[in-house]
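In: Have a look at this fold, sequence not included:
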Ligand code: BES
Ligand code: MN
Ligand code: ZN
């Protein structure tokens, strides 16, 4: 897909579709367009075919110009960022339903900042173009996208040049989301820990800024990662610690470290999960997939920043070597853990990855994990849960979430919750009981992140959707990219 920006005379730009965001009152370019079409748009409004309400779409063919269309896109009441994104996503979806090859997006009518709006436009067009494909690229028979070029039109030159920046950033974010979605959607018999390691290695091929190293179980044994290894013990699939370094800035710039949970399938282990809906536990690697998606997007944008991605990748299975409830393991940090529930495995792999992160002398560390069902109870499927030991980092993530429309909401990490992790037989238990499950999970992680600024994103509710539209969402790639972008500036 080719994205460009222009402030040339709107009707002089050659295209077969024009996306026109407007409310019921036509203003500026919408009114001018209507005038040059003998009132064709206003008569549709008058007749009641199009009311301009939020995210409504209507495809109208331009009289006398065969194969050319205007996609009216309702903007009424779109005042919040979230509402504006909803409008743009509806416009992108309507555009891709047409056989259009060359489109113009009228960057007026929403009243948003041009760079931001253009970024959401290109991101939405990319994510709306994603189709799950079970076979490698080039061999698939799924319907191909006809759209080749999208021009973002802005009323002035400076807005057009700002929009240009937004377009390339947003397209990279969208591509990163699609990469994460594809890994998430792949079944667990294909997307194993070794598959993820191979994907991470492929990412680095021919890219000077990126290096991938994969630690084997033997190497992790030498590092004393007893907690991580206790999870992969019950699986025939070997576990891996995948480390991807993106060096876009000078070596002296401290890296942001992203740690992504990648349990390629979570049966619960000996504390076996109930059967209903268990297929969705193939998505338990979406944290790791989002890290790969972010590295993808960093490569595409060539962002001047240093990032280290760490992905503990394992399968949680109940074979004869599996960890049993009551087993005590020693983590890389030296702290001992009584495993009371083998289904609380995410924290067990993350804690060793978080200790490993220390060696990179990080600017900040963000872990991303489908960690608890409890976060869905607390926040639904709307926002990620966020917990942090640093107020400034937490504030930065909250505003990145708002700006990108990929929101997070902070929960507390107070001592009263941490006390629930007490164990009679080890430094801590791996579960805190039935209450405040998201918080006690984060309190567990907090015991391993004392040496740096850290935030935890619990994306169990947001990384994929269930039901008829079942599929990975690509979240939280947008919030992470926004955070990195503001760090890079
Ligand atoms: N991967 C799950 C969390 C999860 C559950 C995500 C449902 C999305 C939907 C995690 O490993 C898990 O099993 N967590 C347990 C923790 C409990 C045993 C303390 C949970 O949430 O039930
Ligand atoms: Mn589990
Ligand atoms: Zn899990």
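Out: Right, received. Where do you want to start? Note that the structure is predicted; figures quoted are calculated from it, not measured. Ligands and ions are numbered 1, 2, ... in the order given.
In: and after whichever strand or helix holds residue 18, which helix or strand comes next?
Out: Secondary-structure element containing residue 18, defined by DSSP states H and E: strand 17-22. Once strand 17-22 ends, the next helix or strand along the chain (criterion: DSSP H and E) is helix 28-36.
In: just the angle between that next one and strand 17-22, please?
Out: Angle, helix 28-36 to strand 17-22, by axes from the mean of the first three to the mean of the last three CA atoms, to 10 degrees: 120 degrees.
In: neighbouring contacts of the strand holding residue 18?
Out: For strand 17-22, contacts defined as CB atoms under 8 Å, 6 or more residues apart in numbering pick out 10, 29-30, 33, 41, 52, 68-75, 87, 91, 94-95, 98, 100, 102-106, 108-110. Any C-beta I mention is one placed from the backbone N, CA and C, and that applies to glycine too.
In: what about this structure, any weak spots by pLDDT?
Out: In the predicted model, the chain carries pLDDT under 70 at residues 136-143.
In: longest strand anywhere in it?
Out: Longest strand in the chain, counting residues (DSSP state E): strand 306-316.
In: Give me the distance between it and the centre of its chain.
Out: Averaging C-alpha positions (CA atoms, centre = their mean, to the nearest Å) puts strand 306-316 15 Å from its chain's average.
In: Spell out which strands sit alongside it in the sheet and which way each one runs.
Out: With DSSP bridges as the test, strand 306-316 is paired with strand 240-247 (antiparallel), strand 256-260 (parallel), strand 262-266 (parallel).
In: residue of the stretch 301-450 of the chain with the smallest distance to ligand 3?
Out: In the stretch 301-450 of the chain, the residue that lies nearest ligand 3 is residue 346 (4.5 Å; CB to the ion).
In: Now do the helix ranked longest in the chain: which elements does it pack against?
Out: When the chain is parsed with DSSP state H, its longest helix is helix 157-185. Under the contact definition 3 or more CB pairs under 8 Å, 6 or more residues apart in numbering; DSSP states H and E, helix 157-185 sits against strand 2-6, helix 114-128, strand 149-153, helix 286-301, strand 471-472, helix 477-488.
In: Compile the strands paired with strand 306-316 into a markdown table and extend it with columns for distance to ligand 2 and mean neighbour count.
Out: Formatted as a markdown table, the strands paired with strand 306-316 follow (distance: least, CB to the ion, whole Å; neighbours: other CB atoms under 10 Å):
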| stretch | distance to ligand 2 | mean neighbour count |
| --- | --- | --- |
| strand 240-247 | 19 | 23 |
| strand 256-260 | 16 | 29 |
| strand 262-266 | 4 | 29 |
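In: just to revisit the earlier point, what angle do the strand holding residue 18 and strand 149-153 make?
Out: Interaxial angle of strand 17-22 relative to strand 149-153 (the same axes, to 10 degrees): 30 degrees.
In: Can you point out the buried residues in strand 17-22?
Out: Judged by neighbour count using 16 or more other CB atoms under 10 Å, the buried positions of strand 17-22 are 17-22.
In: likewise stretch 216-228?
Out: Of the residues in stretch 216-228, 217, 220, 224-228 count as buried by neighbour count, 16+ other CB under 10 Å.
In: And stretch 419-428, by the same measure?
Out: The neighbour-count check on stretch 419-428 (16+ other CB under 10 Å) flags 420-421, 423, 426-428 as buried.
In: That concludes my questions; thank you for your assistance.
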